[in-house]
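Novice: Provided below for reference: sequence and predicted model.
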Amino acid sequence: MAGDAAILRALPSSLARVIPTDLPELIELRRLSELAGVHMTRRVLCEVMAGEARFPVEAFILGSASPLAPAVGFFGGVHGLERIGAEVTIAYLRSLVMRLQWDDTLHRQLETVRLVFMPLVNPGGLWRGTRANPNGVDLMRNAPVESAERVPHLLGGQRVSAALPWYRGPQGAPMESESAALCELVESELTVRPFSIAVDCHSGFGLSDRIWFPFAHSSRPIAHLPEMHALGEIVDGALLHHRYVLEPQSRQYMTNGDLWDHLYLRACDTKPGSVFLPLTLEMGSWLWIKKNPLQIFSRHGMFNPVIAHRQQRVLRRHVGWLDFVTRAACSHERWLPTGMDRERHRALAVARWYAGRGGPLP
C-alpha cells in the first residue's frame, strides 16, 4: 500500500486517478487465476473508482462450456463491510484451484457443471470499509423492483440521501456499474441454462446462519417453491446436524430493489422452462459477538469474525456448504420434483413457510 501511495504522489493527478490499488483479496484472486491456468477464464466486467483508486470487478469461470450443463454462481463482497462474504467465496475458489492439480474426481465433475465466481462485487466499498459502493449506493437495494407491501423505514431502501444507509440511488437512474455487471454475468452465464443456482454470501445480525430465497419485495411464494423445498430436504438429509435455516427472506423483513428478486423475475419471464434458484447465505454475526462481546464496538467486528481461529472455523463450515451446492447442481435431475411429487413439495412448503400469513398462495 505504501509503495502505491508513493507512486501516486510522484505522478500527475490525471494519471494518478487511474492507478490501480490492490486489495489483498484482489491479489489472492490474481494468484489463483495464474495457478489455475487454462482451466479458468478470468473476465473483467467493469472498473470502479474509489477516490483515486481504481478497482476491477471480475468474474472467474471454471468447468463445462456446454449450454445444457447446470451452472452455479458464487458471489461475495456485495456489501463492503461484510468482508467475510468475499473471504468465504474466495476460500471455496481456492480449494477448487488447489484440487485441480491432483483431483481427478474434480476434473470429471467440471466436465458436467459450470462454476462462476464473482467474489468481490463491491471492491470500492471493501476498500473504504462501507456497506455501500463509493457512490453511496447499497447495491442490494439498487434494482428496479418495488414492493407493493409495507417495507421497514430506511432498511427497506430509501432515496432520500446517500448519507443515510440503504440508499437506492436516484429515482430513474441506471443501476450502478457493479449491480449491472452482476446482472449481466447472471443472465449470460446462469439463467440461460436449463438449471442454475446462485449463492450470494453475506453476514448479518442473528444467532443463526440463514439461507434466504426470494422474495424480498413480496410475501407471496415464488414459482419454484417446490424446487426450493426439495433442495431443503436434501440439505437436511445429507448435512447432518447443520445449523442453516432455509426460508424466504420475507419471513425476516422486506425490501425494495433486491437484485435477486429482479434477476429471478426476469428469468421467469424470459426463460419460463428453466429453473433458477437464487440463494443468499446470511452468516449470523451475533454468534461471533456472543463469544467476543468487545467486537460490537468495531464496525468491522459487528459483521466479521476477528479472531483467527473463529474465522477459520467459519470458512471451513461454509466452504463445505458451497461444495454441497455444487454437488446438488451436478445431480439436480435426481432430486428436482416432477408431477405429483412436485405438488407434494408445494403443499409441504406452503405449510412450512407461509401457513397463517395470509396473502395469495401459488
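Specialist: Received, thanks. Since the model is a prediction, treat every value here as computed from it, not as a measurement.
Novice: going forward, measure contacts between C-alpha atoms and count neighbours the same way
Specialist: Fine.
Novice: Output the below-cut-off pLDDT ranges for the chain.
Specialist: Within the chain, the ranges that satisfy pLDDT under 70 run 1-21, 297, 301, 357-362.
Novice: run the last query once more with 90
Specialist: Counting by pLDDT under 90, the chain contains low-confidence ranges at 1-22, 52, 204-208, 240-241, 284-315, 355-362.
Novice: Check it for its longest helix and report it.
Specialist: The single longest helix within the chain, with elements called by DSSP state H, is helix 308-330.
Novice: Name the residues of that one that come out as buried.
Specialist: Using 16 or more other CA atoms under 10 Å as the test for burial, helix 308-330 gives 311, 314-315, 318-319, 321-322, 324-326, 328-330.
Novice: As a check, name the ranges of all strands in the stretch 1-150 of the chain.
Specialist: Using DSSP state E, counting those that start in this stretch, the strands assigned to the stretch 1-150 of the chain run over residues 40-50, 53-63, 71-76, 114-118.
Novice: and the last one, C-alpha only, in CSV?
Specialist: Think strand 114-118. What follows is strand 114-118 as a C-alpha-only set of coordinates in CSV (Å, rounded to 0.1, in the frame of the first residue of the first chain):
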residue,chain,number,x,y,z
ARG,A,114,-20.1,-24.6,-14.9
LEU,A,115,-18.9,-22.7,-11.9
VAL,A,116,-19.0,-18.9,-12.0
PHE,A,117,-17.4,-16.8,-9.3
MET,A,118,-17.8,-13.1,-8.6
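Novice: what lines up beside it in the sheet?
Specialist: Within its sheet, strand 114-118 is paired with strand 53-63 (antiparallel), strand 71-76 (parallel), according to DSSP bridges.
Novice: got the buried residues for stretch 161-172?
Specialist: By neighbour count, and taking 16+ other CA under 10 Å as the criterion, the buried residues in stretch 161-172 are 162, 165-169.
Novice: about what we covered before: who's in contact with the longest helix of the chain?
Specialist: Contacts of helix 308-330 with the rest of the structure, by CA atoms under 8 Å, 6 or more residues apart in numbering, involve 70-72, 87-89, 91-92, 109, 112-113, 195-197, 288, 305.
Novice: mind checking how far that helix is from the chain centre?
Specialist: 14 Å (CA atoms, centre = their mean, to the nearest Å).
Novice: Now do the contacts for the closest residue in space to residue 47 that isn't next to it in sequence.
Specialist: With sequence-adjacent residues excluded and distances taken as CA to CA, 6 or more residues apart in numbering, residue 47 is closest to residue 56, at 4.4 Å. Contacts for residue 56 were tallied using CA under 8 Å, 6+ apart; they are 44-48, 123.
Novice: Mind giving me the PyMOL command for buried ones among those residues?
Specialist: The PyMOL selection below is limited to those of these classed as buried (16+ other CA under 10 Å):
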select buried, resi 45+47+48+123
